[in-house]
Every structure is written in structure tokens, then in C-alpha cells.
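1. heads up, no residue letters with this:
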């Protein structure tokens, strides 16, 4: 009977000599742990195995880093050994949760609401203005496919094709060069419906998120509140307001209008001239002087907007360069309008409405971060503030040439039913039937009711946007064959999951992400190819002069 | 009360004047149809609407073809107006059924068997021997991504990363130029598991297909039968046997060995020399002389294999050029071995085993088609003959240089456990742990247990295949960090669905397929792009001389 101790010592030796992260096969008897030795922190903490044999199926060589969540690794090293990083409990949790959330979404759409999961091509052609689309050379000289940024055209063509409820977990592509926290390929929950209005899509998506949201991160309350684009801009200075905290932008034009300062009077006399402010609660206590300076500096460099600060002293009086121009009554009014308390700091701006709002909206977020970094509790990390933003403008002046118009979102967006006539008289005033879905200040989706009338679509493309509609001739023609009214939405899955799991970066919810330069650091992609491999595609590389020289030497 | 007839006549006029396929909105009272007027063939055949108002939401202009299933259209026209063809009941059925089948697969894998749906990148790098991969130029001069033919590397890396049950409905890419019924992008149900053997994967897939198979096309009986590659080749002349009918290949070497013909004796004396035949039941009645001639011609042109025919006359005697060399006893033996009946036709071949089998396997299928075209009932169209083909060779001699070896499937396939030692002594004799799944003579999937030992993988790549393992260094290194034993499979979804719905082409189960030349005839892709659009990618087009000339003029 000495074989048992022998086996035990063999097993002990083998297991204690195997390097960590090796793969072993152990056979033996599973039994409950003796009372008091259970470990509730381990999934297998209630049992133990009385090992009889053990075998190393594969050894693990020295790890480049320890697979422990609390050990900080450089991101480049994590990316190079992504398969090791995937073993961390955080990434395991993220990817498994992602799979479950998507499965619940599919059940909701496919099993409960009659949607059809349709795969659309990713090898297609360039869309007008699609400057961010990857190209794929074909075997026909000079002809290229392009990897679409979204299945927009196909989802509309499916509606025209009678597949009246379409969804797809769609891979999309966007070549933006280097951008932090963007990926060249990403995933969207892509949805389109016939015979639907804005409210119909919104209720569907609210139900979808409620149904698929992980229990431990919920509950999701519906319906989500709604806000017009104009309100969002005026109150939060952005089209994706973080409504988890106050510090809203307050209009103080009426108070300042009575100020005897020529510059202010002058600005307020313009059509879009305004004076606005945000109040940072306890700013004097939580923010350092250099914080305030850097906030003002940021507004100047990013928005070309001057900011004045006003501090409420312990005695209730105001400290500011502005006070000498303000009468006592105006000071009280300012305190009242902004609801200032002792130690609050007000940031104040005078100028063009959009610029002032944008600058203050940005300062609102930055100062919230500063307050929280200094220890103030401002936003509940478990809070879920969903928000629909609606009534966007349909067109915006082009940045490089403001006398021309471009689509605020895309040229297929339908005008607001009340503004249809303005399309032909004053297109800049037309609101759209576009809607964005915002969660805690991040845009997680957007969509619209589409134009289903060929004439209207052609007018928008040719007369308003002055685009060559030839590349979209198939879509324009398709609208002439009895296209039903339709609309849809796309949710950014990577961002959504990263918000659910509380990850700062979408790279933490993607199994094999690219670096911010678009590189795969594990497999070393993209990579050089031989001229022979390029031959079938009738292309060759135009080497930059310097590189050609380097290659020669 | 004259408003009601007025409304009625308005509605009647509007609806009778609207062109077919227009989109209308009708309001009114829904009620049961009067008894006897129900139409059980229509989904809405039990009710009618007493219309009160009607409105045309969108007119339909003159259709390029009628949307009726029985009207034959040219495929090019159908592809150009794909959105109209999608309205046909056949394509509606195909796409909706595809969505349902995939949803059931997801339920089985994700909800019932703990699989994690993981999205893997499609922008990666060229794999060794990946001559059929599309390239995607990057913004780094000379560097290209490539669109992978499958997520093979990623699924193995996921196993190493501890995601022990992976699946994905994966988009894959293959640039094969023009090929009938192939698509440049296609979809596979991609699966990988850790700690699994061949039988484990097979039982999983049998359960998956049984669970997801549409009721009206089932039932699926499990387990599926299994056949070795050698058996499949010997009996059916192919690695994807159609086992719905007999006409198996019969070895008649022993009978012919006694034939007094020098050529036959000579061939049979070679190691792989053989004589084989198939018997076409009632061939003399169902096949024309020219059919027989064209069968023999096909064997000669495609396989360089001479075929002799033997016909069984009504009196039981044999008619053939061969009979004068055959004694009476040998003739009876031939009749017995091949189970020949009156009017049967035997096709007979002498030569190299693989060539003879392949030629007869091909003739078996062609003559089955001819018999069915002539009215014989041979294959039950509702029959489901699933079959596992196993024990493939691990390596094959390269076609262009038979002294070198290439992987029969891919270099990650594990050797058969009984043949591991042969890997180092006689690799040509090593069987693999690859398995193919065949349905009614079509390959619908394939997979293998993978090599999980870095040393073995390196030996296969470097010593057997003589490949540069540098491009796979990340995978080889990953195997050194405690890779678990693992294996998987991929099912070709497009082919599978086309077999379920009984479509001859996978184009009928894809919403927006490409033509066999890889073109999208609706949107006109691929298309020309401007030199400016190529600039960020550091490439330019090498125009073939003729085309450059044409462009000049």
C-alpha cells in the first residue's frame, strides 16, 4: 500500500515544479473542503481534489509580466502579449459580459420583436465624402473596393427590399490615422425599420437597453428624457450633455446688459451675442489658483474665448475684475441668478452664443474632473443618465467655406416634418429628424428617420449639398420603386460596453485591439509585402524620397 | 350621409390608379371576411379592411421586371435591382430563415454550452501562403493590412488567452478572382474549444445542427456516420461523398488480374495500380449513347483516365470491347461483383489508384445527374446525409514540386496520436486530426485538433514545410506560455443555408452578393478612385499599357 504516498509525492513534485500558468491535468477524487477551509472568493472554493495522478500538458516559460490585475504593465507590453493579458480577470469579465449583452440584444430584437439579422457586404464602393474609408485594391486595374463606415446604404436598400425590420451586429471601418481611443475597425448594433417614427425607434432602443443591461449594473429606467439640440447647447454647451451633475450654463445677458462696459454692450447688440456663466460649487476651496488659470487658458486656446472669474468671498461679497463695473444691485442679481454660495467660483464669458456655450460646456466638464480629483463627490459612478438629444439642425455651414452647406449627420436624414417647407426656402433653418442617444455624457448611438422620397433626396443632394449624385444613383433610383417610410439607429457597441464595465478605453472591451496608431503590436500588422504580391492588384508603392534613400543604404 | 360613398370612390380611385408595388396607407375597419371568402393562402386571408381613407406614401415607377417567382429574370438584371429581387417570396424566405437558423445556433452555443462570442479583427497581416488574401493599404508607406481568410490565428490565441469556448459568426475574405459560386466575402460559424478531442467537437456540432435545423426541413439524426479519407476515396472517389445513393466504386482488380492483356497486367503490377468500376443502374435505358461518350470524354480530359464501358444486354450477356478478353467465368464474376442487372452500364477504369478513383467518383456524380434528368428517382430531395470524413493525410506532395510537402489543410493541424512518431521519420504517412463535415455531397465544414506544443509546431513549419516561421513568431511564442490542448471547426454558413433552403447558388442566401467576377452590379463596386484618394496610402496604379493608351484617347 505504499503506492499512494509515492503517487502523492510524484504529484506534489510535479505540481510544485511546474512554472505558474502551465497547463496540467490532474486526476483524483473531488470532495468538499473540510469545514472552515472553504474559500468563498474562489469559484471552486467549496471543493478540493485529492490528486492521484498529474501530468503537465504544456509548460509555461518565463512570463513577460505577472498576470495580476493590480500590477501595472505598459500598454505596449500588454498589447504585444495580448493573449496573456486576456487571462486577466478584468479582460475575461469584459469579453464574457460583452458576449452576454449582445446575446440579450439579439434575443430582444430577433426573438421578441421580429427583426431579421441580415449580413451586409463590407467590400463596397466609396461613398461621397467618405474620406475616411479604407481602400481595397481589386484585380481590375485602377478599381478599388472600399470598407464602409457603416451599412447605411444597405440598411435603407433592405427596407426598400421589404425586409422591414433589419438588425446586424455590424463591423465598420474608419481610417482616421492616429486618434486616441478610436479603432480602425469597430462594431455597431445597426437597426432599421419601415413604417416607424422617431418615438418608435426611441421606445425600441429603451426596451433593448433595459432588456440587455446586466443586472448588476442596472436597473435602466425608461423612458429616457429628451432634450433638443438647442437646449443641450444652451444649458450644457455640448450635444452630449453629462446630466449626472448640475453646474448648468446660465444666461446672464440681462444682468450684464446694464453694465457700463463698451465691449460687453457691443457684443450683446449682435444677433448671437450673449453673456453666460457656470458656477463651480466650492471652487474656491477645491480648485487651486493654477487650476483656474489653466481652465481660462484652455478656453482661450481651444475656443478663442476669454473667461472672467468671480469668487464669492466668505463674507458674501464678490471678488472679480468685473466687480468695479457692477453696481450692488447687479452683484446681488448675479448671486441670485447663479445661486452663488460662499466659496463658489463663477466662470463668465461674453461673446458669440455657440462659442460661449461650447467653451463653458468644456470648462464645466474640466472643472468637474478637477473637483472630483480634489475629493468632492459630484457624480455617482453607478448612475445611468440616458438622454435623447433631438431636433438637430439638418445642415451646417462648411467649416472651410461657411457659405456652403454640409449635412450635420448624413444626406439621407429626413427634415423635421414642421420644417419641410423651409428646405426649399431657408435650408439653414431646417431641423432634422436625427436623434442621438447619450449616456453619462458619452454619445452611444445616433440615428434618424430617412428621406423616402426620391425627389426630396435628389433636391438635398444636388441643390442643397451641391454633390454629384451620380455615385448614389442606385439609391436614388431605388427610392422610386415604392420605398416605404423608414428610419433607424446605430449604437456604438465598443463604447457602450466600456461604459457598462467602467473601462476608460474601448481597447479593454475588444479582444485584439489596434494601438492608437492603428497597429497590431502582437502580430505586427500592417506589414510590408513583396512587389510580386502587389502585381495582381496593379498597384505599386510610392516610397517617400527619404525612405527610398534609407532602403538603398 | 353622402360622404361615405364619396370617400369610398376616392379610395377606390386612388388604389386602382396607384401602380403595383407602391406604398399606401389605408385606414378603416378591420373585420372578418364574409363566410366563404376567406383565402387560406394569404397570411391576411381571414380578414378584410373596410377602407375609409387611403394615401399613397410612395409611388412605384415602372418595374424593370415583375416580382413574381415564376418569372425568369436574367441574373445580371436581378443583381442590378437586388432590392426589388429581395421582395420575392423566395429571397424573403431565405434571408429570414438564415437569420432564424443563426439565432438558434447562438442560443445553443452561447446560452446552452457556455461559448463566448468574441469578435476578432479583419484588418490583420498576411499569413504564410495566404496568396488569396485581399490587401488593405495603410498610411505607412509600403505597409499593408490583409483581410484574413479565417480567424484561425485569433481563435487559437483566444484559447491561449483562457477564453476556453469561443465562437463567432465570422466574416472571412478570399480573393480568388473569378470563380463560379464563390464570394469574395463569406461567413463561417467559427468555433474553438480547449481540452477537447475530435469526438468532442463532432458531438457538439451534431447537437448544434440538430438544435438549429428548421423543423420543416428536419429531423437531423445523430450521431452522424464517419468514414476515413481512404474509404471515401476508394468507395466514392472524393473526400466529400454523396451517400444519398449507391453506385459505389467497386474494386475489380482480382477479376481483371487474370485477364490476358499486357497493359492491364502491367498496371496492376505497380504498387498503386488498380482496376475499378461503377455500375450505372438502367444506364442502357436512361442514358443516350452521346451521354456515355461525353462521360468517357470528361474522364479523359479532366483526369487523363481512359474509361471502358460494359453493357448488360437483355439476355444477360455483356456487350463491351473487353468481352473478347474475358472468359465466361470472369464475365459471371464481373456481373456478380458489380451486381449487374439487365440494362445496367458499367464504367471501368484501370490505372493509378487515386486517379482511377477520382475519375470514377466524378463519373458517378455526373451519371447520377444524367439519370435524374432522364426521369429516374435516385436521390430523395428531402434526405439529409451528414457524414464525417476523418483521418486525412497531414501533408500532401506539392503539385508543382512533388518532392516537397505542403499541409493538406493548414500547418496548425495536429498529427493523429498514433502517427506522431512518423512525423519525424516519414511525414508523408502521417494522418491528421482533421475532420470534414459533408452533407449530401457538399462540404459544409472542417476543423481539426491543433498542435499545442511549440516544439512540434516549429518542427512542422521549419523542417517539414520548410516555411519561414518568422511571420508566425507571435503564435509560436504564444504556444510556449502554457497553451491548453485545443481544437475547433468552421462551418460554411452560406453553403449550409443554401442546402437547407434548396438553392443551387449561395447567392440566393446572401442579401447583396457579388457577381462571379466579384462585382456589385447594383452599386457598381469596385470603382475607380482619384489619384488624390490614393495619396495617403502611398500607392499608385500601374496601368496596363493598353489601358493607358485608351485613357489617353
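-> Looks like it arrived, so ask away. Quick caveat: nothing in here was measured; it's all calculated off a predicted structure.
2. mind checking the SS state of residue A:331?
-> helix (DSSP: H, G, I helix; E, B strand; the rest coil).
3. ignore the last one, residue A:54
-> The three-state assignment at residue A:54 reads strand, by three-state DSSP.
4. residues contacting it?
-> Going by Cβ atoms under 8 Å, 6 or more residues apart in numbering or on different chains, residue A:54 touches A:10, A:11, A:14, A:15, A:24, A:25, A:26, A:27. Yep, even glycine has a C-beta here, placed from its N, CA and C like the rest.
5. which pLDDT value goes with it?
-> Per-residue confidence (pLDDT) for residue A:54: 94.
6. tell me how far it lies from chain B.
-> Applying Cβ to the nearest Cβ, to the nearest Å, the value for residue A:54 to chain B is 15 Å.
7. please name the nearest non-neighbouring residue to that residue.
-> With Cβ to Cβ, 6 or more residues apart in numbering or on different chains as the criterion, residue A:54 has its nearest non-adjacent residue at 4.4 Å, and that residue is residue A:11.
8. now residue A:270
-> Sequence neighbours aside, residue A:352 is the residue nearest to residue A:270 in space, at 7.5 Å (criterion: Cβ to Cβ, 6+ apart).
9. burial of that neighbour, as a residue count?
-> Using other Cβ atoms under 10 Å in any protein chain shown, residue A:352 has 19 neighbouring residues.
10. shouldn't it be in contact with residue A:275?
-> No - checked against Cβ atoms under 8 Å, the pair residue A:352 and residue A:275 is beyond contact range at 11.2 Å.
11. got any residues that touch both of these two?
-> Joint contacts of residue A:352 and residue A:275 (Cβ under 8 Å, 6+ apart) do not exist.
12. what's near enough to touch the residue in the stretch 201-350 of chain A positioned nearest to chain B?
-> Proximity of the stretch 201-350 of chain A to chain B (Cβ to the nearest Cβ) peaks at residue A:212, 13.0 Å away. Residues in contact with residue A:212, defined by Cβ under 8 Å, 6+ apart, are A:101, A:102, A:104, A:105, A:108.
13. just name the shakiest helix or strand of chain A by mean pLDDT.
-> When each helix and strand of chain A is scored by mean pLDDT, DSSP states H and E, helix A:545-552 comes last, with a mean of 60.
14. residues of the stretch 451-553 of chain A that sit close to chain B?
-> By Cβ under 8 Å from any Cβ of the partner chain, the residues of the stretch 451-553 of chain A that approach chain B are A:452-453, A:474, A:478-485, A:510-512, A:514, A:518, A:520, A:522-529, A:533-534, A:536-544, A:547.
15. restricted to strands, list these.
-> Among those, DSSP state E puts A:527, A:528, A:539, A:540, A:541 in strands.
16. let me know how buried the fourth one is, in neighbour terms.
-> Right, the one you point to is residue A:540. Counted with other Cβ under 10 Å, the neighbours of residue A:540 add up to 15.
17. that one touches residue B:537, doesn't it?
-> No - applying Cβ under 8 Å as the test, residue A:540 and residue B:537 come out as separate, 11.7 Å apart.
18. which residues of the stretch 351-500 of chain A fall in helices?
-> With helices called from DSSP state H, counting those that start in this stretch, the stretch 351-500 of chain A shows them at A:353-373, A:422-425, A:454-459, A:473-479, A:493-501.
19. and among these, the most buried is which?
-> Mean neighbours per residue, mean count of other Cβ atoms under 10 Å in any protein chain shown, is largest over these for helix A:493-501, with a mean of 23.
20. tell me what that one is packed against?
-> helix A:89-106, strand A:185-194, strand A:442-449 (3 or more Cβ pairs under 8 Å, 6 or more residues apart in numbering or on different chains; DSSP states H and E).
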